[in-house]
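[1] Sharing a model that was predicted from the sequence below.
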Amino acid sequence: MKLENLIEGILFLAGEGISITELLEKLSVSESELEKTLERMEKKYSGNSGIHIIRYNEKVQFTSNPEYGENIALVLNPIRERELSQSMLETLAIIAYKQPLTRLDIEEVRGVSSDYAISNLLKHNLITIVGRKNTLGKPALFGTTDLFLKRFGLVSVDQLPEFATTLERLKQIQSSETLEAELLQEKEFIEID
């Protein structure tokens, strides 16, 4: 129980993900002992509890229960954060699946400028510069962050659905939106006549 209490204190005060490797090294415990403790804590902090424990990218962290997210945000974020725009989501998906890649690579896939989307994704800490491409001008290479994993409930990018499936789903959504817009225009045209 002492180890569990110690880890609770560490996670509470850290406010961010703590490396499992770091916990093993600093606390001088075995992998199995740490794993059993984390499993107990995950049971304790689950369900209706206001706090949950999440794991991502070989890290562990306290987080608020998503069920209470709206109410927590009302208290802690009086000015609500704007949701991600369609262009930001498209850009983020491209980066998540094809990382690392440059702004030019992203724009080739999207077919439009992505400066605004990249800038906002950097501000939201969902992407980061992970290096430089070894070509003329040494353009920045972008990749996703741990916050991206946390926000989308992923342990790693390996959990992303298959790219072809996601691409097909996006096409279906876009075509249904186009069809809906065309039907709306037809209805307006008929009503005008």
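    Happy to help now that I have it.
[2] Find the residue at the geometric middle of the protein.
    residue 148 (2.4 Å; Cα atoms, centre = their mean).
[3] nearest spatial neighbour of that residue, skipping sequence neighbours?
    Spatial nearest neighbour of residue 148, excluding adjacent residues (Cβ to Cβ, 6 or more residues apart in numbering): residue 126 at 4.6 Å. Where you see a C-beta, it was placed from the backbone N, CA and C, and this is true even at glycine.
[4] List the contacts of the one you found.
    Residue 126 makes contact with 92, 144-145, 147-148, 151, according to Cβ atoms under 8 Å, 6 or more residues apart in numbering.
[5] Kindly report the same for residue 12.
    So residue 12 contacts residue 62 (Cβ under 8 Å, 6+ apart).
[6] Please identify the helix or strand for it.
    helix 2-14 (DSSP states H and E).
[7] Which SSE is immediately downstream of that helix?
    Following helix 2-14 in sequence, per DSSP H and E, is strand 18-19.
[8] For that following strand, which strands pair with it and how are they oriented?
    strand 59-64 (antiparallel) (DSSP bridges).
[9] So what's the residue count around residue 53?
    Other residues lying near residue 53 total 20 when counted by other Cβ atoms under 10 Å.
[10] nope, residue 28 is what I was after
    7.
[11] now residue 67
    Residue 67 - counted by other Cβ under 10 Å - has 13 other residues nearby.
[12] Spit out the contact partners of it.
    Residue 67 sits in contact with residue 48, where contact means Cβ under 8 Å, 6+ apart.
[13] Distance check, it against residue 94.
    31 Å (Cβ to Cβ, to the nearest Å).
[14] And for residue 32?
    For residue 32 relative to residue 94 (Cβ to Cβ), the value is 40 Å.
[15] In terms of neighbours, single out the busier of these two.
    Using other Cβ under 10 Å, the more surrounded residue of residue 32 and residue 94 is residue 94, with 21 against 8.
[16] any idea of the pLDDT on the more buried one?
    For residue 94, the model assigns a pLDDT of 90.
[17] residues contacting it?
    101, 106, 109-110.
[18] Now, of those, which are buried?
    Buried members of these, scored by 16 or more other Cβ atoms under 10 Å, are 101, 106, 109.
[19] What strand or helix carries the second one?
    Secondary structure assigned from DSSP H and E places residue 106 in helix 103-110.
[20] Tell me the first helix or strand C-terminal of that helix.
    Following helix 103-110 toward the C-terminus (DSSP H and E): helix 115-123.
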